[in-house]
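> Structural data only, the sequence is not supplied:
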């Protein structure tokens, strides 16, 4: 299953409700599971992004829909990155012309 990295930054609302971030993360994991997405790991970070999540989804559309659904709740803004492991990137490189 394809791997995605979702990076998120708290909005003003997310900072205001920061004490609830772990509970929101648990709800996010449940929503993801319902959508067919597996959350592999989640980290709160220091720097330009507040949360980094590594997940597996069946396709780009599912991963994007999940990110949009979470961002629409107003606590974070997300960016979703498709990640390739060594085997996958080797296949991509093999298609280079």
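Sure, I can see it. Keep in mind that this is a model prediction, so the values were computed, not measured.

> where's residue 54, which helix or strand?
Using DSSP states H and E, the element containing residue 54 is strand 51-56.

> Tell me which residues of the next helix or strand after that strand come out buried.
Going down the chain from strand 51-56, the next helix or strand is helix 60-71, by DSSP H and E. Residues of helix 60-71 classed as buried by neighbour count (16 or more other CB atoms under 10 Å): 62, 63, 64, 66, 67, 70, 71. For glycine as for every other residue, the C-beta is placed from the backbone atoms N, C-alpha and C.

> Residue 17: which of those is nearest?
residue 70 (14.0 Å; CB to CB).

> which residues touch that closest one?
8, 28, 31, 76, 78 (CB atoms under 8 Å, 6 or more residues apart in numbering).

> for the protein, what's the longest helix?
helix 21-34 (DSSP state H).

> Check which strands are paired with the following helix or strand past it and give the direction for each one.
Downstream of helix 21-34, the next assigned helix or strand under DSSP H and E is strand 38-44. Using DSSP bridges, the neighbouring strands of strand 38-44 in the sheet come out as strand 51-56 (antiparallel).

> What residues sit buried inside the strand it pairs with?
Burial within strand 51-56, assessed by neighbour count using 16+ other CB under 10 Å, is assigned to 51, 52, 53, 55, 56.

> Check stretch 6-22 too.
6, 7, 8, 10, 11, 14, 21.

> So what's the residue count around residue 50?
When neighbours are defined as other CB atoms under 10 Å, residue 50 has 21 of them.
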